[in-house]
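Undergrad: Need the 3D shape of this:
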Amino acid sequence: MDILLLIVPTIVGAVIVVLGNHLLSRRRDSSAKFRDSVLERLDGLYPLPVSWPDDIDAALRKIFPELQIAVAEFRPYIMCWRRHAFDRAWYRYYCDSDSECETENYHHYINDPHARARFKHNVERLLSFA
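TA: Numbers count the residues shown, from 1 in each chain. Coordinates of the predicted model:
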């Protein structure tokens, strides 16, 4: 009976460690995948806007579906208490309004002398979760 009191906690502890390592590994992998996906889609726009298009609205609308997929795939790996902040960062990236947007709009990146800085800030905020 005494040996069981030693073996059971050891087995339970080992299982917890293995599961914890597995979850951390999946989170790390999903973070890398998310970051790579966002950076690939925003190539030329972020981190330095070397290829800022004349029609930024059309350019961002074109890549929105792919970014939305990356966000949806990564979201489950965000700790539950940080998901609201992640959702807010994503919302701030694609919407310039304080009220809910039904579709993306990029007015906050158009005709504003600080548009590129705002864009960079919004992307950095989104990537900070990865």
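
Undergrad: for the protein, what spans make up the helices?
TA: For the chain, the helices defined by DSSP state H cover 2-41, 56-74, 83-94, 115-127.

Undergrad: Against residue 130, how distant is residue 70?
TA: Residue 70 sits 10 Å away from residue 130, going by CB to CB, to the nearest Å. Any C-beta I mention is one placed from the backbone N, CA and C, and that applies to glycine too.

Undergrad: Name the nearest residue to residue 35, sequence neighbours excluded.
TA: Take residue 35 and drop its neighbours on the chain: the residue closest to it by CB to CB, 6 or more residues apart in numbering is residue 130, 4.4 Å away.

Undergrad: how about low-confidence regions in this structure?
TA: 1-2, 4-6, 8-25, 97-100 (pLDDT under 70).

Undergrad: run the last query once more with 50
TA: For the chain, applying pLDDT under 50 flags no range at all.
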